[in-house]
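Asker: Can you look at this prediction? I've put the sequence above it.
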Amino acid sequence: MSDDVVIETRNLSKVYRDFWGRQKVRALKALDLEVRRGEIFGLLGPNGSGKTTTMKLLLGLLFPTGGEALVLGKPATDVTKNERIGYLPEESYLYRFLNAEETLDFYGRLFDMPAHRRRRRAAELIELVGLGGAKRRQLREYSKGMSRRLGLAQTLINDPELVLLDEPTSGLDPIGTREMKDLILDLKSQGKTVVLSSHQLADVEDVCDRIAILHLGELKELGRVDSLLKVQDEVEFRVAGLSPAAQQEITEVIRRHHGTLVSMESPTMTLEELFLKIVAESEAHPGRRVMGSHGS
Amino acid sequence: MVLETEPMPFLPWLAGAADEWWKVVLGLTVLGLLLALLVRAVRYGPVDAVRTVGRGIWTTIVDLTRISPRRVLALAWLARREALHRWVLMAFVLFSLLLLFGAWFLDELSNDPSRLYLAFVLEMSRGLLLLLALVLSVASIPADLAQRTIFTIVTKPVRASELVLGRMLGFWMVGTAMLLFFGIVGYVVVMRGLTHTHEILPTKVESVSDGTGTTGKTGITETTRRHLHNFDIDNEGRGRTTPAQGHWHEVHVEGKGDAAKYVLGPPQGWLQARVPIWGKLRFKDRAGADAAEGVSVGEEWAYRSYIEGGTLATAIWRFEGLRERDFPEGLPLELTIRVFRTYKGDIVSAVQGGLRVRNPETGEVSAERSFPAREFTTDSQFIPRKLFDPEGKPLDLFEDLITPAGAVEIELQCVTPSQYFGMAQPDVYVRARDGSFTLNYVKCYLGIWFQMLMLTAVGVMFSTFLNLPVALLATIGTLLGGYKLDYIRELTSPQMVGGGPVEQIVRLFTRMNQTTKFEEGTQRNVIMMIDDALRWIFTRLTHVLPDFGALSDSSFVADGFDIPAARVLEHGVSALAFIVPVFIAGYLMFRTREVAR
């Protein structure tokens, strides 16, 4: 395993068995995978495709039935690898009788961090995830979004090299989702490796450098997002300020060159882009109805 | 006080215990390794089995030697917070309620209220604490697994050993705090519950004269807590009451003439910590010949042996290490003699006993001292320095009757014909001194503390690989098995009347007498085979189960005996020797578990 490779799985398989050892589900079949340092890698697939199983195998929460997984050069079951890893589970499984400060302090202690470093790091992370006003409230009083943000803070408590995020945008509102995606990109800019699993295709598309698509426990596709999404035999132009006559002329040109015009229409923004724009305008001009300006 | 097993000095006990401990631990280790090799070999082949088990042994050594105190303390802190959040408040409330209202139901007419109060407080503390330890230790890891909060822990650099130890430590801290609370509150309750005084009305005091003048006063106190005392006061104005309900009071007079006021001190004779010197008991039969034991009067419990009155049957205690500087005035003996009457006679009058002191080397013996043996009470007999032999020759206790090495024999006989004295070795002892009751109370709580530590360890260990209901059942089973270890040992004996467990069940359902023999045949052979297998299992179980009953010292405190320091040390060593392998077993079970399954 070269230094450039952070995660490597070879023939990794997982079979769930019942009490008597009989096979129940073959959750993962001979997965070969490499995640390189500094990239954002997405595990994509529908429910039951094996992406969470893969994540759990990488974390040592499950033991492989066959094959092996190396994380940061160590077997996935070696706990010492966890010193350089941050993990955000699908739900923020946190202790509801603690508050945010206690939670982060506790996880900091699990990394053997001295008290002064824990305090400083906890304060930074609470600020980062925007929970400064609620840091002394018990987590039982937190909304799902707040818990998710605190979950992210605990993921980063040790300033990890490798961040594993299981459905990172689950339970977040569009703003939270955007912030999460920005944070993931920020982690990449800091040189960290991020592996995320999601079935939110837009999230994966927005942030991932490479993806692996799993289905029924098998790897179906692996590669760079931009190259996987590229439609090889079509060309797309986006032009502003073009008159109808000019559009007609371009259509003629395409026909003359034996091309087929698939569509020609005004482009639309994504719903996420629209939502964020409305919220941004609303914050800039409180009280003004902004919806009409976008046409309703 | 009943002591069914003879107390042993610490070092001989340690040698025997260590020998058994090594054998059991080694046996279990070898068994575990063989099982792991077999399972792995069946699934993945022998080469993989050897490699995996070898790697497992190495990982175990690493995990157990590289435990991070900071992580363990963090996990202990979490367990403590979790416990406070869940159950501890309930235990506080329950304890307070039981203390507040439980005392209402204690028998105020009891012969010994101090025993009653102490037994109530100690047993309640033990029961509640063990219940709390059981619930906390068993529920924690399964709850963490169910809520998946454990995902955020095991994905940190936390070793399985740290996680298991952290849980145990956290619950031990909670249990210790609870025990301190129970102990302090219990102590206050006992003290306040027993403290009382009696009013003395001047009209109930009379002067006593012997013809030459007034020698003092006598009287009777008012009734408090359903008892009263008679008392005598000398001319100096000082005296004491007669004993009642196991205690007495000092009395003194304040003021003179008509203004004289009679004042009682606090109750005395309760809350003692007698330090006994136990002797070795042997018997002589009715003809005066040496016998292994006395006669049986038909009681099922064969703890005490009986000697027949009006015969040469004698119970002889040999005491060692008695030094003159410790007993310059003489030997304070205490006797708890059980009387078995073959005829009623005058039930109020005591059966008479005789006591002699004999030098085991020279055979010199003192004249018989007569004493009344009352049932259900402990009698004090002081053997003075100056004694006489049967011919009236003066003897000195230490110069003539106790050997230079400090050995002496005390011979007891039942004088009243056709009546019997029952006695066990701890029934007669030399009262060396009195220890501190408070310290004794603390030592008793130490025993409860050790039990809590052991039960918590067992609960956490089971919860690492069993789900909550099964872990709860397994821990309760261990607890009950630990308290009923003597019974399980009995079951392992082939000489048990009525046979083994299956044979007993068959006898029960077929209404067959315990002594009737089974007919030879297949049925009998099958029953015997199953019973032999069960005996084999029970025998192994007796070596593994913690002896919780042996750690309970509440009878020492309630009966007013000092708990020997060696006994406390034994308890501590036993607890440690049990907890270490249980912790390792819990660690191994957790390490081999898929937490995300």
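Answerer: Done, it's in.
Asker: Now the stretch 401-550 of chain B against chain A: closest residue?
Answerer: Nearest residue of the stretch 401-550 of chain B to chain A: residue B:467, at 11.6 Å (C-beta to the nearest C-beta). Placement of C-beta: from N, CA and C, glycine included.
Asker: what's the nearest residue to that residue if we skip its chain neighbours?
Answerer: residue B:142 (5.8 Å; C-beta to C-beta, 6 or more residues apart in numbering or on different chains).
Asker: repeat for residue B:138
Answerer: residue B:459 (4.3 Å).
Asker: Now the one helix or strand that neighbour maps to: average pLDDT?
Answerer: Assigned by DSSP states H and E, residue B:459 belongs to helix B:437-463. Averaged across helix B:437-463, pLDDT comes to 96.
Asker: what packs against that helix?
Answerer: helix B:113-147, helix B:160-194, helix B:468-483, helix B:554-559, helix B:565-591 (3 or more C-beta pairs under 8 Å, 6 or more residues apart in numbering or on different chains; DSSP states H and E).
Asker: which of the residues in the following helix or strand past the third one are buried?
Answerer: Going back to what we said before, that points to helix B:468-483. Using DSSP H and E, the helix or strand that directly follows helix B:468-483 along the chain is helix B:485-491. Residues B:485, B:488, B:491 are the ones in helix B:485-491 that count as buried (16 or more other C-beta atoms under 10 Å in any protein chain shown).
Asker: and which of those is nearest residue B:446?
Answerer: residue B:485 (20.2 Å; C-beta to C-beta).
Asker: Name the nearest residue to that closest one, ignoring sequence neighbours.
Answerer: Nearest to residue B:485 is residue B:547, by C-beta to C-beta, 6+ apart, at 5.1 Å.
Asker: Three-state assignment for that neighbour, please.
Answerer: Under the three-state scheme (DSSP: H, G, I helix; E, B strand; the rest coil), residue B:547 adopts coil.
Asker: Leaving out sequence neighbours, find the closest residue to residue B:543.
Answerer: residue B:24 (4.9 Å).
Asker: pLDDT wise, what is the residue nearest to residue B:485 at?
Answerer: So residue B:547 comes in at 91 (pLDDT).
Asker: Next one: residue A:14 from chain B, what distance?
Answerer: Distance from residue A:14 to chain B, counting by C-beta to the nearest C-beta, to the nearest Å: 10 Å.
Asker: Centre of the chain to the host helix or strand of that residue, how far?
Answerer: Using DSSP H and E, residue A:14 falls within strand A:5-17. From the chain centre to the centre of strand A:5-17 is a distance of 20 Å (C-alpha atoms, centre = their mean, to the nearest Å).
Asker: list the helices and strands the next helix or strand after it packs on?
Answerer: Going down the chain from strand A:5-17, the next helix or strand is strand A:23-36, by DSSP H and E. Strand A:23-36 sits against strand A:5-17, helix A:51-59, strand A:66-71, strand A:193-198, strand A:210-215, strand A:218-224, with contacts defined as 3+ C-beta pairs under 8 Å, 6+ apart.
Asker: make it 7 Å
Answerer: Helices and strands touching strand A:23-36, by 3 or more C-beta pairs under 7 Å, 6 or more residues apart in numbering or on different chains; DSSP states H and E, are strand A:5-17, helix A:51-59.
Asker: These: which one's closest to residue B:337?
Answerer: With C-beta to C-beta as the criterion, residue B:337 lies closest to strand A:5-17 of the helices and strands packed on strand A:23-36, at 67.7 Å.
Asker: Kindly present the helices and strands packed on strand A:23-36 as CSV, with separate columns for mean pLDDT and mean neighbour count.
Answerer: Below are the helices and strands packed on strand A:23-36 laid out as CSV (pLDDT from 0 to 100; neighbours: other C-beta atoms under 10 Å in any protein chain shown):
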stretch, mean pLDDT, mean neighbour count
strand A:5-17, 93, 19
helix A:51-59, 93, 25
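Asker: export these to CSV and tack on distance to residue B:236?
Answerer: What follows is the helices and strands packed on strand A:23-36, written out as CSV (distance: least, C-beta to C-beta, whole Å):
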stretch, distance to residue B:236
strand A:5-17, 90
helix A:51-59, 85
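Asker: quick one: contacts for the spatially most central residue of chain A?
Answerer: Closest to where the C-alpha atoms of chain A average out (C-alpha atoms, centre = their mean) is residue A:196, at 4.0 Å. By C-beta atoms under 7 Å, 6 or more residues apart in numbering or on different chains, residue A:196 lies in contact with A:42, A:165, A:168, A:184.
Asker: redo that, cut-off 6 Å
Answerer: A:42, A:165, A:168 (C-beta atoms under 6 Å, 6 or more residues apart in numbering or on different chains).
Asker: and the strand holding residue A:14 with strand A:193-198, angle?
Answerer: 30 degrees (axes from the mean of the first three to the mean of the last three C-alpha atoms, to 10 degrees).
Asker: Which residues does strand A:5-17 contact?
Answerer: By C-beta under 6 Å, 6+ apart, strand A:5-17 touches A:1, A:23-31, A:33-37, A:53, A:64-71, A:162, A:193.
Asker: Residue B:214 against residue B:233, yeah?
Answerer: No: using C-beta atoms under 6 Å, residue B:214 and residue B:233 do not qualify as a contacting pair, with a distance of 10.8 Å.
Asker: buried set for stretch A:173-183?
Answerer: A:174, A:176, A:177, A:178, A:179, A:180, A:181, A:183.
Asker: quick check, nearest of these to residue B:237?
Answerer: residue A:176 (87.7 Å).
Asker: Mind telling me what element the closest one is part of?
Answerer: Assigned by DSSP H and E, residue A:176 falls in helix A:174-189.
Asker: can you dump the C-alpha coordinates of that helix into PDB?
Answerer: Only the C-alpha atoms of helix A:174-189 are listed here, as PDB (Å, rounded to 0.1, in the frame of the first residue of the first chain):
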ATOM      1  CA  PRO A 174     -30.900  23.100   2.900                       C
ATOM      2  CA  ILE A 175     -28.700  25.700   4.600                       C
ATOM      3  CA  GLY A 176     -27.200  23.000   6.800                       C
ATOM      4  CA  THR A 177     -26.700  20.800   3.800                       C
ATOM      5  CA  ARG A 178     -24.900  23.600   2.000                       C
ATOM      6  CA  GLU A 179     -22.800  24.300   5.000                       C
ATOM      7  CA  MET A 180     -21.900  20.700   5.400                       C
ATOM      8  CA  LYS A 181     -20.900  20.500   1.700                       C
ATOM      9  CA  ASP A 182     -18.800  23.700   2.100                       C
ATOM     10  CA  LEU A 183     -17.200  22.100   5.200                       C
ATOM     11  CA  ILE A 184     -16.400  18.900   3.300                       C
ATOM     12  CA  LEU A 185     -14.700  21.000   0.600                       C
ATOM     13  CA  ASP A 186     -12.900  22.900   3.200                       C
ATOM     14  CA  LEU A 187     -11.600  19.700   4.700                       C
ATOM     15  CA  LYS A 188     -10.300  18.700   1.300                       C
ATOM     16  CA  SER A 189      -8.600  22.100   1.000                       C
END
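Asker: Need the phi and psi values for the closest residue to residue B:379 other than its chain neighbours.
Answerer: Nearest residue to residue B:379, sequence neighbours excluded (C-beta to C-beta, 6+ apart): residue B:335, at 4.9 Å. Note on residue B:335: backbone dihedrals following degrees, to the nearest 10 are phi -130, psi 130.
Asker: and if you look at residue B:209?
Answerer: phi -130, psi 150.
Asker: can you tell me how far it sits from residue B:218?
Answerer: Between residue B:209 and residue B:218 the distance is 11 Å, computed by C-beta to C-beta, to the nearest Å.
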